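Chemist: sequence and predicted structure below; questions after.
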Amino acid sequence: MAHAYRGFALAAALSASLVLIVACTSGSDEAWIVGEDPRAVVHDGESFPVLDTSTEVEIAYDEVTACISVNIDGRSVVPLWPEGVQPSSIDGESGVEVPGFGFLADGSSAEVHGSVSDALDASEYQAAMDCWPDGRQAIVIGSVISHQ
């Protein structure tokens, strides 16, 4: 009887551990990488707050990671683009194709609705970690306003 109880306790502990693992990795469904080269991080549009603020960004392509990032006031920030944005290359220029707006190439500037956050922890979003290393700020982009 004691062996049956230990087996039941072990099964219950394993089940609880699996529930905990699933709960801890749920962030992967909220932000992920699309594309191969170039690549970009997109978000589901519901899990991240997007403040109605205007931010100037410069599109940047990282040849080492093949990821699209943005520069804001001279610092590199990971953009979390709205779902539907696709990284692409046109005439040898890497960038992102924004539905209803057009192509934003490496080196071009854009004004976006978006909010920079120090509070987002990249380690919670395993599906995005190749383009979003720990400690890097992120900007959650809701939409593109204009392009220069």
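Modeler: The structure has been received and is ready for your questions. Numbers count the residues shown, from 1 in each chain.
Chemist: how far away is the residue lying closest to M129 once chain neighbours are set aside from G100?
Modeler: Closest residue to M129 apart from its sequence neighbours, by CB to CB, 6 or more residues apart in numbering: A122 at 6.2 Å. Quick note: C-beta positions are derived from backbone N, CA and C, even for glycine. Distance, A122 to G100, by CB to CB, to the nearest Å: 28 Å.
Chemist: neighbour-wise, which of those two wins?
Modeler: Using other CB atoms under 10 Å, the more surrounded residue of A122 and G100 is A122, with 20 against 7.
Chemist: can you tell me how far that one sits from A40?
Modeler: From A122 over to A40 the distance is 15 Å, taken as CB to CB.
Chemist: for S89, same thing?
Modeler: Distance from S89 to A40, by CB to CB: 12 Å.
Chemist: just after the least confident helix or strand in the chain by mean pLDDT, pick out the following helix or strand.
Modeler: Of all helical and strand segments in the chain, the minimum by mean pLDDT, DSSP states H and E falls on helix 2-24, at a mean of 35. Heading C-terminal from helix 2-24, the first helix or strand you meet, by DSSP states H and E, is strand 31-35.
Chemist: any idea how far the helix or strand that that next one is followed by is from the chain center?
Modeler: Of the helices and strands lying after strand 31-35 in sequence (DSSP H and E), the nearest is strand 39-43. With CA atoms, centre = their mean, to the nearest Å as the basis, strand 39-43 stands 5 Å off its chain's centre.
Chemist: what mean pLDDT does strand 39-43 get?
Modeler: Throughout strand 39-43, pLDDT has a mean value of 95.
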